[in-house]
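Participant: Quick one, fold the following:
(chains A and B)
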Amino acid sequence: MPQVRVRFAPSPTGPLHIGGVRTALYNYLFARKLKGTLILRIEDTDQTRFVEGAEEYIMDSMKWCGLVFDEGINEGGNCGPYRQTDRKHLYRQYADMLFDSGHAYYAFDSPEELDELRKKSEKEGKTFIYNAGVREKLSNSISLSDVEWNAKLDRGEPYVIRFMMPHDEDIHVDDIIRGHIVVNTGTLDDKVLFKSDGMPTYHLANIVDDHLMEISHVIRGEEWLPSLPLHFMVYRAFGWNPPAFAHLPLLLKPDGKGKLSKRDGDKLGFPVFPLFWPYGEKARGYREEGYYSEAFINMLALLGWNPGTEQEIFSMDELIDAFSLERVGKSGSRFDPEKAKWFNHQYLQKRTNNQLALEFREFLRAKGYHVDIVRLEMLVGLVKERVSFVKDIWEQTDFFFKAPEEYDPEAIKKRWQENTSAVLKELIPVLHDVADFTVPATESAVKSWIESKGYNTGAVMNALRLVIVGTLRGPQMFDIISWIGKEETIKRIEKGLFVIGK
RNA sequence: GGUCCAUUCGUCUAGUGGCUAGGACGUCAGGUUUUCAUCCUGGUAACAGGGGUUCGAUUCCCCUAUGGACUACCA
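Facilitator: Residues are numbered from 1 along each chain as shown, chains lettered A, B, ... in the order given. Here you go, the predicted structure:
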């Protein structure tokens, strides 16, 4: 079996969409699974769409996701350079090869002229296709005499090099995910391979580079499926064996129709990009939102692929082990932000209290709280299972750090009875007498006091919760009061009695 | 409009020429709990429609519908 070599080839035109991350991930999994080589190639042949910072963003995203490349602009390798603008000098000779072998020709039609023709056809309800049907009537090296078009060349008139698509031929192509596809060349056009600005188009650069870099499998988004017949034809014209192809299904909007876009994220409140994008129209990222990259990757892996078992939580190594292109689905997947959260919840549960305490300490530091790590470990242990993100811990524990400023009126109505004030007043000395303010000590003291007085446990505990927390929520009461300490507990009871009590 | 691709619970999906069509997320109900949440148990819910082929189709074929991608000197 020949060496497996795959590539991820994004364009630096803005932040990398999570669909792109998934494409990179599947390439990575495939390469690792088959002990192959993964290449990062930057496809920046369209200089008009180049965006500053995008290339770096791609690298940072890959790094955060744990996707490591074997060859690329940072890693180096024997097939470089790995940025297409740095390979510019290569492409012209390949376009010429196609011209010399009669598979391509020069075309002088201006974009405006072609636009005009397209509009005209559209008005007549027809589709303008630059192909065998019309190329004789347009301005190119087929329709013009050798003298004429050479004169244009000499005069420096702008031109492109187009692929000469056969008039009427059924092309059979194979895709690992879609199977066998047949397309007639009559519906295809003479695609531009080489632009008038001296740069190749995607179609030429992609094929030349994939060939030169000895790519064995092209794994890319479904948006390329319509170009597959063209790519097969170009490989054939060069006399090269094409790689195997796998076209991945698209990521769709959670609601409504169409593919996932930045707008959906803004509208529904979830990120569509791995990292925060700080330029121009800013965009939020999964990293900044508090996702663990492992959870993000796990979630993305299961969107369009499944292992055929009921396992859902996968480490990267497990993904590599289980992955195969055959188990990638054919249809587009709607993105589900709820499930994404669930994945993060699962990963957060697997963290140790120490890890979470360290992470939460960073969060607290920003709020101006400095807490001993051992106490934080206890704290996160109390609320860990109820949160999906580290930042959620704060919402669950804010009352550990500060006394309530107001008391939930609904809760007062429900839990503050005639004798509540008197009972809580009695509780103060009981707590005061607890020497070691631990959970078991406070619990046993309070419970025996309740029993001896014949009070209702629920009533006492809820009232206590109300003055300590401010509302009816949170972990076990004894965990809370033990953590905040005797002094603070009594202070809060007194304050509660003063504000609520009569 | 043209070309190509797709279609199983609301969502991600498993699956088979004969199954009570399975799991997960969500949702609903019950239980546990001093509260809330978690958690546990249970429920809800799907083979787009119509023709074939077949003893029998969710599964194979065709058509329709719907959705999507592409249709640039963008990738």
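
Participant: shaky segments in chain A?
Facilitator: Filtered on pLDDT under 70, chain A yields the residue ranges A:1, A:502.

Participant: Now A:Y105: which helix or strand?
Facilitator: Taking DSSP states H and E as the criterion, A:Y105 maps to strand A:104-107.

Participant: Would you mind identifying the next helix or strand past that strand?
Facilitator: Using DSSP H and E, the helix or strand that follows strand A:104-107 in sequence is helix A:111-123.

Participant: can you pull the buried residues of the helix or strand that that following helix is followed by?
Facilitator: Downstream of helix A:111-123, the next assigned helix or strand under DSSP H and E is helix A:146-155. Neighbour-count burial for helix A:146-155 flags A:149, A:152 (criterion: 16 or more other C-beta atoms under 10 Å). No exception for glycine: its C-beta is placed from N, CA and C like everyone else's.

Participant: and after helix A:146-155, which helix or strand comes next?
Facilitator: Once helix A:146-155 ends, the next helix or strand along the chain (criterion: DSSP H and E) is strand A:160-163.

Participant: count of neighbours near A:I73?
Facilitator: By the criterion of other C-beta atoms under 10 Å, A:I73 has 18 neighbours.

Participant: now it, nearest residue through space, not along the chain?
Facilitator: Using C-beta to C-beta, 6 or more residues apart in numbering and skipping the chain neighbours, the partner closest in space to A:I73 is A:Y82 (4.6 Å).

Participant: what about that neighbour, neighbour count?
Facilitator: 23.

Participant: backbone phi and psi for it, please?
Facilitator: In terms of degrees, to the nearest 10, the main-chain angles of A:Y82 are phi -110, psi 10.

Participant: Now do the strand holding A:Y105: distance to the chain's middle.
Facilitator: With C-alpha atoms, centre = their mean, to the nearest Å as the basis, strand A:104-107 stands 40 Å off its chain's centre.

Participant: Which elements pack onto that strand?
Facilitator: Here strand A:104-107 touches helix A:88-100, strand A:160-163, going by 3 or more C-beta pairs under 8 Å, 6 or more residues apart in numbering; DSSP states H and E.

Participant: Around RNA strand B, pick out the residues from the stretch 151-300 of chain A.
Facilitator: The interface of the stretch 151-300 of chain A toward RNA strand B, taken as C-beta under 7 Å from any atom of the strand, is made up of A:158, A:160, A:178-179, A:181-184, A:187, A:189, A:192, A:195-197, A:199, A:201-202, A:222-227, A:249-250, A:252, A:254, A:257-259.

Participant: Now which of those would you call buried?
Facilitator: A:160, A:178, A:181, A:183, A:189, A:192, A:195, A:199, A:201-202, A:222, A:224-225, A:227, A:249-250, A:252, A:254, A:259.

Participant: so what's the residue nearest to A:S61 when sequence neighbours are not counted up against?
Facilitator: With sequence-adjacent residues excluded and distances taken as C-beta to C-beta, 6+ apart, A:S61 is closest to A:P274, at 4.4 Å. A:P274 makes contact with A:16, A:18, A:21, A:61, A:64-65, A:285-287, A:296, according to C-beta atoms under 8 Å, 6 or more residues apart in numbering.

Participant: if we go to 6 Å?
Facilitator: Taking C-beta atoms under 6 Å, 6 or more residues apart in numbering, we find A:P274 in contact with A:21, A:61, A:285-286.

Participant: now the helices for the stretch 401-502 of chain A?
Facilitator: A:409-415, A:420-432, A:439-453, A:457-469, A:477-484, A:486-499 (DSSP state H, counting those that start in this stretch).

Participant: And for the stretch 151-300 of chain A?
Facilitator: Under DSSP H, counting those that start in this stretch, the stretch 151-300 of chain A gives helices at A:202-212, A:228-238, A:262-268, A:286-289, A:293-301.

Participant: Counting neighbours, show which residues of stretch A:306-316 come out buried.
Facilitator: Across stretch A:306-316, burial judged by 16+ other C-beta under 10 Å covers A:307, A:314, A:316.

Participant: can you give me the end-to-end distance of that stretch?
Facilitator: 14 Å (C-alpha to C-alpha, to the nearest Å).

Participant: Can you pull out the residues in contact with it?
Facilitator: The contact list for stretch A:306-316 (C-beta under 6 Å, 6+ apart) reads A:66, A:298, A:322, A:327, A:346.

Participant: List the ones among the buried ones among the residues of the stretch 151-300 of chain A next to RNA strand B that fall in strands.
Facilitator: A:160, A:181, A:183, A:192, A:252 (DSSP state E).

Participant: Now do the same contact list for the fourth one.
Facilitator: Residues counted as contacts of A:V192 (C-beta under 6 Å, 6+ apart) are A:160, A:162, A:201.

Participant: What of the last one?
Facilitator: Residues touching A:L252, when contacts are defined by C-beta under 6 Å, 6+ apart, comprise A:259-260, A:332, A:334.

Participant: What is the most widely separated pair among those?
Facilitator: A:K259 and A:R334 (10.1 Å; C-beta to C-beta).

Participant: out of everything not next to it in sequence, what's closest to A:P337?
Facilitator: A:P337 sits nearest to A:F270 (C-beta to C-beta, 6+ apart), 4.0 Å away.

Participant: same deal with A:F437?
Facilitator: A:K486 (4.5 Å).

Participant: what about the one you found, neighbour count?
Facilitator: For A:K486, the count of nearby residues is 17 (other C-beta under 10 Å).

Participant: isn't it right next to A:T438, touching?
Facilitator: No: counting by C-beta atoms under 6 Å, A:K486 does not reach A:T438; the two are 10.6 Å apart.

Participant: I'd like the distance between the residue nearest to A:P337 and A:I18.
Facilitator: According to C-beta to C-beta, to the nearest Å, A:F270 and A:I18 sit 10 Å apart.

Participant: Among those two, which residue is more densely surrounded?
Facilitator: Set A:F270 next to A:I18 and count neighbours by other C-beta under 10 Å: A:I18 wins out with 26 against 19.

Participant: any idea how far the nearest residue to that one once chain neighbours are set aside lies from RNA strand B?
Facilitator: Nearest residue to A:I18, sequence neighbours excluded (C-beta to C-beta, 6+ apart): A:V272, at 5.9 Å. Distance, A:V272 to RNA strand B, using C-beta to the nearest atom of the strand, to the nearest Å: 14 Å.
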